[in-house]
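Colleague: with the sequence up front, the predicted model follows.
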Amino acid sequence: MAAYNQLKTRSRADYPFILDYRTRWSDNDMYHHMNNSIYNFLYDSIVNTYLIKHCAFDPQTSPQYGMVVHSHNDYFGSIAFPAVAELGLRVNQIGNSSVTYEIALFEKGVETVRSVGEFIQVFVDRKTAKPNANGMRDDLRQGLQRILVEQPKRQSKI
């Protein structure tokens with residue numbers, strides 16, 4: 001994942017897939033902002049919405065599904081009911097059976113990013129709950145490649 005200061009400058013243009021979410025009264029916590037647990041709920045929701053709409057994924061019947069193996073979030077500001085959240089999704093890396101997503105949360109009408117998270121899934125076979133030796137299905141890979149953002153090459157220190 002990019003450095004904290006770089007993530008803080010993310011804009012909607014950095015994310016090829018955007019999804020709106022109208023916050024609910026129950027999303028707020030006692031501090032009058034969206035509870036931290038809701039961010040993970042939203043990250044899971046945008047990932048699965050993209051998989052269903054663009055990767056021929058059916059949560060009930062697809063032979064493979066994505067198991068979350070890592071999640072992380074950096075918070076830069078809060079959001080609260082009744083605001084509308086705009087979630088941005090991109091793929092930073094695709095492996096043989098894994099995918100690394102980056103998700104940003106913006107408040108509608110506000111330019112600055114509120115949070116940026118990382119979500120890593122490993123696609124496993126439904127019958128065994130283990131990665132397939134051939135990796136993820138081609139339709140999943142092709143759909144994910146549509147929102148893959150090329151990462152800058154790291155300079156060697158040697």
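Modeller: Structure's in. What do you need?
Colleague: off-centre distance for stretch 56-76?
Modeller: 9 Å (C-alpha atoms, centre = their mean, to the nearest Å).
Colleague: ok, now stretch 129-139?
Modeller: 20 Å.
Colleague: first vs last residue of that stretch, how far apart are they?
Modeller: Taking C-alpha to C-alpha, to the nearest Å as the measure, stretch 129-139 stretches 19 Å from start to finish.
Colleague: now do the buried residues in that stretch.
Modeller: For stretch 129-139, burial by neighbour count (16 or more other C-beta atoms under 10 Å) applies to P131, G135, M136, R137. The C-beta positions use only the backbone N, C-alpha and C, and glycine is treated the same way.
Colleague: so what touches it?
Modeller: 55-56, 62-64, 67, 95-97, 99, 122-125, 141 (C-beta atoms under 8 Å, 6 or more residues apart in numbering).
Colleague: so which of those sit within strands?
Modeller: Within the contacts of stretch 129-139, residues falling in strands by DSSP state E are Q64, M67, V99, V122, F123, V124, D125.
Colleague: and these as a markdown table, adding distance to F76, neighbour count and pLDDT?
Modeller: Shown next, in a markdown table, are the ones in strands among the contacts of stretch 129-139 (distance: C-beta to C-beta, whole Å; neighbours: other C-beta atoms under 10 Å; pLDDT from 0 to 100):
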| residue | distance to F76 | neighbour count | pLDDT |
| --- | --- | --- | --- |
| Q64 | 34 | 20 | 96 |
| M67 | 28 | 15 | 95 |
| V99 | 24 | 23 | 98 |
| V122 | 28 | 19 | 98 |
| F123 | 30 | 25 | 97 |
| V124 | 33 | 19 | 97 |
| D125 | 38 | 14 | 97 |
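Colleague: between which two of the residues you listed is the distance greatest?
Modeller: V99 and D125 (15.8 Å; C-beta to C-beta).
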